[in-house]
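Participant: take this sequence and fold it.
(one chain, ligands or ions: 2)
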Amino acid sequence: PRYWAVVPAAGIGTRMGSDVPKQYLLLNNRPVIEHALQALLKHPKIVKVIVAIADSDHWWANTSASRHSRVQRVLGGTERADSVLNGLLSLQGDADADDWVLVHDAARPCLHRTDLENLIETLRHHAVGGLLGYPLSDTIKRVNDQASVLETLPREQLWRAFTPQMFRYGALQAALECARSSALQVTDEASAIELAGLIPQLVEGRSDNIKITRPEDLELAHFYLNQHSR
Ligand code: CTP
Ligand code: MG
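Facilitator: Numbering: from 1, shown residues only. Ligands and ions are numbered 1, 2, ... in the order given. So this is what the prediction gives:
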């Protein structure tokens, strides 16, 4: 099987609240998305990287990644899952059902090459696939609308779900289409796979593979990036 990558980059970053979508904010003078693409583009096994870009986007065309020979652009969708599905649909005819697709957030710039390598090596012979993640360190409370605590969840069983998430092309497309047609909310690929009755494997990665979501995350990512020599 071959390896393909899909990078959803069509969000508007509501929680970040910046004028420019967060994937285009600068980290060490390069847009966040170029950092996010770096490990994928450096990996020799990944044939092509499909990037899902919003219709209204003014920034993508100015990135150097947009001119990379292994990068291809598709139109993003309303939800993250729609953007990913558009990316998968653009691979139809090229990708086989049992090829691997790695989906990685454009807003996750600190992916280390060793994590990418470890994910691929660990799941290479897996039937379903899986995702990078990290065990939670905080105790987690389930609350109601007024933030009254309803229950405490057992922390030993809780992990943060990161990207890349790596699944078989055919199964992932079917799972995302199924979730869409039944109007089920999926915030990552693994949840669509789970709803399809399959069991993703979690692969423990580095805790610094954070997603830029709020302003403070940008500073943290800056710190992490300058810590590792990637
Ligand atoms: N994304 C996308 N298409 C959408 C929504 C999100 O491709 N319709 C992408 C984002 O660009 C980001 C990734 O999915 O790279 C993770 O989503 P998230 O962190 O939620 O980003 P935003 O949706 O942009 O942020 P917010 O939810 O705060 O608006
Ligand atoms: Mg979002």
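
Participant: hang on, Gln146 in a helix?
Facilitator: No: counting by DSSP: H, G, I helix; E, B strand; the rest coil, Gln146 is not part of a helix but coil.

Participant: could you check the pLDDT of the residue in the chain that ligand 1 sits nearest to?
Facilitator: The minimum distance from the chain to ligand 1, using C-beta to the nearest ligand atom, falls at Gly11 (2.1 Å). All C-beta spots, glycine's among them, are computed from the backbone N, C-alpha and C. The per-residue pLDDT reported for Gly11 equals 97.

Participant: now it: how far from His228?
Facilitator: For Gly11, the distance to His228 equals 25 Å [C-beta to C-beta, to the nearest Å].

Participant: for the protein, which strand is longest?
Facilitator: In the chain, with assignment by DSSP state E, the single longest strand is strand 159-168.

Participant: list the contacts for the residue located most distally from the centre of the chain?
Facilitator: Centroid-distance maximum for the chain: Ser148 at 31.8 Å, with C-alpha atoms, centre = their mean. Going by C-beta atoms under 8 Å, 6 or more residues apart in numbering, Ser148 touches no other residue.

Participant: so which residues of this structure form helices?
Facilitator: 32-42, 80-89, 113-123, 169-181, 189-195, 215-227 (DSSP state H).

Participant: put together JSON lines for the ones you listed, with distance to ligand 1 and mean neighbour count on each row.
Facilitator: Compiled in JSON lines, the helices of the chain are given as follows (distance: least, C-beta to the nearest ligand atom, whole Å; neighbours: other C-beta atoms under 10 Å):
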{"stretch": "helix 32-42", "distance to ligand 1": "8", "mean neighbour count": "22"}
{"stretch": "helix 80-89", "distance to ligand 1": "3", "mean neighbour count": "22"}
{"stretch": "helix 113-123", "distance to ligand 1": "17", "mean neighbour count": "17"}
{"stretch": "helix 169-181", "distance to ligand 1": "13", "mean neighbour count": "19"}
{"stretch": "helix 189-195", "distance to ligand 1": "11", "mean neighbour count": "23"}
{"stretch": "helix 215-227", "distance to ligand 1": "10", "mean neighbour count": "14"}
